[in-house]
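*Asks:* model this:
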Amino acid sequence: MALLEIRNLKVKVEDTLILKGVNLTINRGEIHAIMGPNGSGKSTLALVLMGHPDYEVVDGDILFEGESILELSPDERAKKGIFMAFQYPYEIEGVRVSQMMWKAVQSLGWDMSPVEFRKLLRSYYEALGIGDFIDRELNVGFSGGEKKRSEVAQLLTLKPKLAILDEIDSGLDIDAVRIVGEALTKAKEENPDLSMLLITHYQRILNYVKPDRVHVMVDGRIVLSGGYELSLKLEEEGYEGIIRSLQVS
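*Replies:* Numbering: from 1, shown residues only. Okay, here's the model as predicted:
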């Protein structure tokens, strides 16, 4: 059974159709990357998978472990094991990182004392060079790179079944991309059954987190799929080159 199955998914915002029939299957333990130009629908897909209320599914279905999740709220999807790292993580004043994460694991029913959990959380934040951030307000005053590192530390801590990573590498310098990439590799090593959906413009993060499948999204559809080598071709030819070759063929 596939972990995630997207069937002919069509989604609109107000009167604009954004996703125009997306089909995608991710098996347990697989890493998939979705690449494509701006405005192609990549981030919309991520938000719809997580249950964002502003997006209306007008056709198709999303199955997680064989069951439709279209009627589930974002928190219900999270409890099933779906995690999302946002392209633009929210800042929440007055709520410390440790408080937010403790509430998260309580909702998941973890049998762990606050002291044990704090030690675990700090270990993952320290691995990303931001150990003291667990006592800061969530994302308040964080740089763009620090926000992304914090999201990855949360992923490492919560150990979901599916991680949706929406442009986790955007705004990161070369060193930060390496740190985040190595942390994602560590997450996969600790949990071989972890599946990932990496949404990115660039090939560079895929040097550290090598995908099993790469998909090219254009105008709300997946128009081409292949292995890791497809990301190298995109880096070499660009999206316009790939799109022209599809039109010619």
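
*Asks:* over to residue 195: give its phi and psi.
*Replies:* phi -100, psi 150 (degrees, to the nearest 10).

*Asks:* so what's it up against?
*Replies:* Contacts of residue 195 were listed using CB atoms under 8 Å, 6 or more residues apart in numbering, and they are 3, 4, 26, 27, 28, 29, 30, 31, 32, 161, 162, 163. Heads up, the C-betas are built off the backbone N, CA and C, glycines and all.

*Asks:* so for the strand or helix carrying residue 181, what's the average pLDDT?
*Replies:* Residue 181 belongs to helix 174-190 when assigned by DSSP states H and E. Helix 174-190 shows an average pLDDT of 88 in the prediction.

*Asks:* list the buried residues in the strand or helix carrying residue 125.
*Replies:* Using DSSP H and E, residue 125 falls within helix 114-127. Across helix 114-127, burial judged by 16 or more other CB atoms under 10 Å covers 117, 118, 120, 121, 122, 124, 125, 127.

*Asks:* what mean pLDDT would you report for the helix or strand hosting residue 229?
*Replies:* Residue 229 belongs to helix 228-248 when assigned by DSSP H and E. The average pLDDT within helix 228-248 is 81.

*Asks:* could you pull out the helices for this protein?
*Replies:* 42-50, 74-80, 97-107, 114-127, 144-158, 174-190, 228-248 (DSSP state H).

*Asks:* mind checking how far the second one is from the chain centre?
*Replies:* In terms of CA atoms, centre = their mean, to the nearest Å, the centre of helix 74-80 is set 14 Å apart from its chain centre.

*Asks:* could you list the low-confidence segments of the protein?
*Replies:* 247-249 (pLDDT under 70).

*Asks:* need the distance between the two termini of stretch 105-117.
*Replies:* 9 Å (CA to CA, to the nearest Å).

*Asks:* how far does it sit from the chain's center?
*Replies:* 24 Å.
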